[in-house]
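Mind looking at a prediction? Sequence and model below.
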Amino acid sequence: MNTSEAAATTIGGTGGRAGAAPRVIGSLSPSRAGDFMTCPLLYRFRVIDKIPERPSPAAVRGTLVHAVLERLFDRPAGDRTVEAALELLGPQWERLRAAEPVLATLFADDAAGESDQAGWLEQARRMLERYFTLEDPRRLEPAERELFVETVLDSGLKLRGFIDRVDVAPSGDVRIVDYKTGASPRADFEARALFQMKFYALVVWRLHGRVPRLLQLMYLGNGEVLRYEPDEADLRATERKVEALWQAIRRAMDTGEWRPRTSRLCDWCDHKERCPQFGGTPPPLPVVPVDRPTPADLESAARAHDAP
Ligand code: SF4
């Protein structure tokens, strides 16, 4: 899709389809849906118990690289060079640290090899340099960046999330772009990676009645790009999957059974010490009033950038 002269169309928004708005029964973002698919107990710790997690160097680096790429497009097209991106790195890191003082402690007691802030920043630099091998931002005029979208399905389930970038071609074709600061997944994990993109495509389709033409995942960890052209059947299947996921979450809420599911991601889980699979005991479930608010209130809309 040629987006070099992309139309400045507003693609974002919130809302549902025309007609009476259904009562909202719950809310889901791709990140939290991914948590539940990874491990229902992890979802519980994050969404129900709301247990704070320590920021990890890899996740914060992801946030930093995303911030630089977002700000890069503030510059006039001709100035969007690799040097300009690298110049943004320091100020954006300072801004993030000022906004979240806890980040100042990020390297304080890390003995795992990423403690060296200079090395950490060097990796962020390499990711930005790699970005320029994948596309030329001087030829792009994104319609939206860091776009918050939400819509309510007919069932009353609210879907929401942040899209890194939306490009709209003069023809009206929409491309949804997501930056990943990890490496591209193995073939058997691709479907999982694409789920998040189809989730966004479903929201955009429901909001604007047009199926996005292209979903594009850019892996800045190894310089690969995953592209996918969805169709209506894909997005209907995604809707069914999201609804089924929500039903499973509701069952866990009703029964209080949040099953742990071990995987290699346990190595990075902040909740290992309270996980029964590793000898821990989860805290008692929070008491929820009988006239509790809708489950929509249980989920934070916080932006969760990509995992390392
Ligand atoms: S350690 Fe593994 S099984 Fe336990 S809560 Fe975390 S992700 Fe789930």
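Happy to help now that I have it. Numbering: from 1, shown residues only.

show me the contacts for Asp178.
163-165, 196-197, 200, 215-218, 306 (C-beta atoms under 8 Å, 6 or more residues apart in numbering). From N, CA and C alone the C-beta is placed, and that goes for glycine too.

Among those residues, which are located in strands?
Judged by DSSP state E, those include 163-165, 215-218 as members of strands.

Would you format those residues as CSV with neighbour count included?
As requested, the ones in strands among the contacts of Asp178 are arranged in CSV below (neighbours: other C-beta atoms under 10 Å):
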residue, neighbour count
Ile163, 24
Asp164, 23
Arg165, 22
Leu215, 23
Gln216, 21
Leu217, 23
Met218, 22
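
Kindly reformat those as a markdown table containing distance to the ligand and pLDDT.
A markdown table is the format used below for these (distance: C-beta to the nearest ligand atom, whole Å; pLDDT from 0 to 100):
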| residue | distance to the ligand | pLDDT |
| --- | --- | --- |
| Ile163 | 26 | 97 |
| Asp164 | 25 | 97 |
| Arg165 | 30 | 98 |
| Leu215 | 27 | 98 |
| Gln216 | 29 | 97 |
| Leu217 | 23 | 96 |
| Met218 | 27 | 97 |
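
among those residues, which two are most distant?
Ile163 and Met218 (13.1 Å; C-beta to C-beta).

Mutual contacts of these two, please.
Here Ile163 and Met218 share the contacting residues 177-178, scored by C-beta under 8 Å, 6+ apart.

coming back round to it: of all the contacts of Asp178, which comes closest to Glu232?
Nearest member of those to Glu232, counting by C-beta to C-beta, is Leu215, at 14.1 Å.

so the closest one touches Ile176, yeah?
Yes - judged on C-beta atoms under 8 Å, Leu215 makes contact with Ile176 at a distance of 5.2 Å.

shared neighbours of the two, anything?
197, 200-201.

Stretch 81-93: which residues count as buried?
82, 84-85, 88-89, 92-93 (16 or more other C-beta atoms under 10 Å).

With stretch 125-141 instead?
Those would be 125, 127-128, 130-131, 137, 140-141, for stretch 125-141 by 16+ other C-beta under 10 Å.

before we move on, what about stretch 94-108?
Under 16+ other C-beta under 10 Å, the buried positions of stretch 94-108 are 103, 106.

So for that stretch, mean pLDDT?
Average pLDDT, stretch 94-108: 84.

What of stretch 118-125?
92.

what does it contact?
57, 61, 64-65, 68, 86, 89, 93, 107, 114.
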